[in-house]
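A.B. asks: sequence below, structure please.
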Amino acid sequence: MRLSEPEGDELDCTTIVVGRSASQSGCLVVGHNEDDAHRLVVRHHIVKAGEHPAATRLRDGTLLYREPHTSLELPVPDDTLAYDWTELVGQDFADSFLNSEGVSICCDSAAGTREQQPELERGGIGHFLPQLVAEQAHSAREGVLLAGRLVEAYGYCDARIITIADQHAAWVFHIPGGHEWLAERVPDDAVVLLPNYLISRQVDLANTDWFLASADLETHAIQRGWYDPTGTEPFDFKGAYGPPQINASPLSTSRQQTGFFLLTGREFPLDNMPFSCAPQHPVALGDVMACLRCVAPHGQSTRQALEMSGSFHKNVAQTTMRPISVWTTQESSVTELRSQAPGPQSVTVWRASGIPDELPYTPWYPLAMMEIALGYPDPYATGDPDHLDMSSAFWTFRLFVTAVDSDYARRIAEVQTAVLPLEEQAIAADKLLQNMRVDTDTSGEAIARLLTACGEGLGMEALSICRELLRQWQTNSERTPFRA
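C.D. replies: Reported below is the predicted structural model:
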């Protein structure tokens, strides 16, 4: 089985990109729901410059990464950047990164492509590709070119789409499998909805300001019989490399349609989705959060799911097309990348540590944490997948969303009453922090410490609220079910 082949809908992540002039704040925004089978422990780390987690050092001093699914050994440079690492324990293709240069990286399965090179499952790069980009890229474009060189050199063992962004530009990097790749830049005045299939259509490979690709992208498709250059149709990347059954799958097309409608007010046919679309009004931070929290596909209702017993989100999946927020959403994030802000204030990462419609988003400031060499508080940095520990943020949020999901119709209003004021407080605090400027009385380090303390305080407050609601439900002799 292809590593990217989904078992149902549980592996289908969703990514949203909002261009700088399309956003209300004037910053580039990347939203991402990380969806994976089962529930995985999520840990957060700050990796210092020159550190190499999971690397092996040979006797001659050479550093190597060994791919977990293949026999490939990859050289690692000694001089690497600091980065923020969101680790999903036990899942090799789900981690996300933000490095000290403000380069953001998140990944989505590509569900399936026409490419079939099974030998790459024994030798291609995979898990360590985004980490190598995070360690070395000083810009999104540089990250794309580095990833392209790695794919061309080693081949990719799967099919995947990686969003690589910085404060100036965002690129959607498609890997259909093998040694071919294509990256398309997101227009500054548009939004992109990425739902686990190839989304780039007609591409102008001569225009390297907007398209970057392996040299043989088109000729490879011709040799495989996926594209006829003598015909009347121009080269369509999605049409060439994406199988018709995947391109038409409602698991992906309905999410893309839903997201576009929520963010732009426009409805596109499921069989003809664009790469990007200009919104009718500037997209606010709350708009992106609402889209990632959406539990109903466009034009469909959750009424039947609310009336059924058991897991609300699983009931939705049975009664409608696949929505954006689902039971297997491990974490949801919205990253704001600002070109107009200095140093540690230039990036805010909003996180809901589980199913986002049941939790608050709170801000974290990774660049500030890197500047003062401070890691995440223990509850967010630790978590044992085999030991239930309520001191861990992961286990607290997991039990909380399990309890909410099992009685969604009754509990969601109570949850929103408790957690949304915290989110509103966090958004107000973030605006104040962004307006602070370094002057003779306020050092950059002091601002970094203030940002870090604010993020940690709000993150711990979210934990406290969820623990208190769990305690109240248990005190009232209500059963809080748990699913492994």
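
A.B. asks: phi first, then psi, for residue 200.
C.D. replies: Note on residue 200: backbone dihedrals following degrees, to the nearest 10 are phi -70, psi 140.

A.B. asks: try the one 5 residues further on
C.D. replies: In terms of degrees, to the nearest 10, the main-chain angles of residue 205 are phi -70, psi -10.

A.B. asks: what do you get for residue 64?
C.D. replies: Main-chain dihedrals, residue 64, degrees, to the nearest 10: phi -130, psi 140.

A.B. asks: so what's it bridging to?
C.D. replies: When assigned by DSSP bridges, residue 64 has beta-bridge partners residue 56, residue 75.

A.B. asks: ok, it to residue 92 distance?
C.D. replies: Taking CB to CB, to the nearest Å as the measure, residue 64 and residue 92 are separated by 17 Å. All C-beta atoms are positioned from the backbone trio N, CA, C, and that covers glycine.

A.B. asks: same deal with residue 289?
C.D. replies: Residue 289 sits 28 Å away from residue 92, going by CB to CB.

A.B. asks: between these two, which has more neighbouring residues?
C.D. replies: residue 289 (21 against 14; other CB atoms under 10 Å).

A.B. asks: what's the helix or strand for the more buried one?
C.D. replies: Secondary structure assigned from DSSP states H and E places residue 289 in helix 285-292.

A.B. asks: the stretch 351-484 of the chain: strands as residue ranges?
C.D. replies: Per DSSP state E, counting those that start in this stretch, the stretch 351-484 of the chain carries strands over the ranges 362-364.

A.B. asks: show me the shaky parts of it.
C.D. replies: 438-442, 477-484 (pLDDT under 70).

A.B. asks: 90 - rerun?
C.D. replies: Applying pLDDT under 90 to the stretch 351-484 of the chain flags the ranges 373-374, 384-389, 434-445, 474-484.

A.B. asks: same thing with the stretch 51-200 of the chain?
C.D. replies: Low-confidence segments of the stretch 51-200 of the chain, defined by pLDDT under 90: 53-54, 57-62, 68-71, 78, 90-93, 111-124, 157-158.

A.B. asks: what about the helices in it?
C.D. replies: For the stretch 51-200 of the chain, applying DSSP state H, counting those that start in this stretch gives helices covering 129-136, 140-154.

A.B. asks: pick the most buried one from the ones you listed.
C.D. replies: helix 129-136 (a mean of 24; mean count of other CB atoms under 10 Å).

A.B. asks: dump that one to PDB, keeping only the CA atoms.
C.D. replies: Extracted in PDB, the C-alpha atoms of helix 129-136 (Å, rounded to 0.1, in the frame of the first residue of the first chain):
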ATOM      1  CA  LEU A 129      12.600  16.300   4.200                       C
ATOM      2  CA  PRO A 130      10.700  19.100   6.100                       C
ATOM      3  CA  GLN A 131      13.100  18.900   9.000                       C
ATOM      4  CA  LEU A 132      16.100  19.400   6.700                       C
ATOM      5  CA  VAL A 133      14.300  22.400   5.200                       C
ATOM      6  CA  ALA A 134      13.600  23.900   8.600                       C
ATOM      7  CA  GLU A 135      17.300  23.500   9.600                       C
ATOM      8  CA  GLN A 136      18.700  25.300   6.500                       C
END
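
A.B. asks: just checking, residue 150 touches residue 126?
C.D. replies: No: under the criterion of CB atoms under 8 Å, residue 150 makes no contact with residue 126, lying 10.4 Å away.

A.B. asks: tell me which residue of this structure is furthest from the middle?
C.D. replies: Residue farthest from the centre of the chain, counting by CA atoms, centre = their mean, is residue 230 at 39.0 Å.

A.B. asks: kindly reformat the helices of the stretch 51-200 of the chain as a markdown table containing distance to residue 455.
C.D. replies: Shown next, in a markdown table, are those (distance: least, CB to CB, whole Å):
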| stretch | distance to residue 455 |
| --- | --- |
| helix 129-136 | 20 |
| helix 140-154 | 24 |
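
A.B. asks: on that earlier part again, other residues contacting the helix holding residue 289?
C.D. replies: The contact list for helix 285-292, computed with CB atoms under 8 Å, 6 or more residues apart in numbering, reads 14, 16, 18, 24-25, 29, 31-33, 258-259, 262-263, 324-325, 332, 334, 336, 350, 356, 361, 427.

A.B. asks: in helices, which of the residues you listed fall?
C.D. replies: Mapping the contacts of helix 285-292 onto helices (DSSP state H) picks out 258-259, 262-263, 427.

A.B. asks: between these, which is nearest residue 316?
C.D. replies: Residue 316 lies nearest to residue 258 out of the ones in helices among the contacts of helix 285-292, by CB to CB, at 12.5 Å.

A.B. asks: how about that closest one: what's its closest non-neighbour residue?
C.D. replies: residue 298 (4.1 Å; CB to CB, 6 or more residues apart in numbering).

A.B. asks: circling back: what's the closest of the helices of the stretch 51-200 of the chain to residue 274?
C.D. replies: That would be helix 140-154 among the helices of the stretch 51-200 of the chain, by CB to CB, at 21.1 Å.
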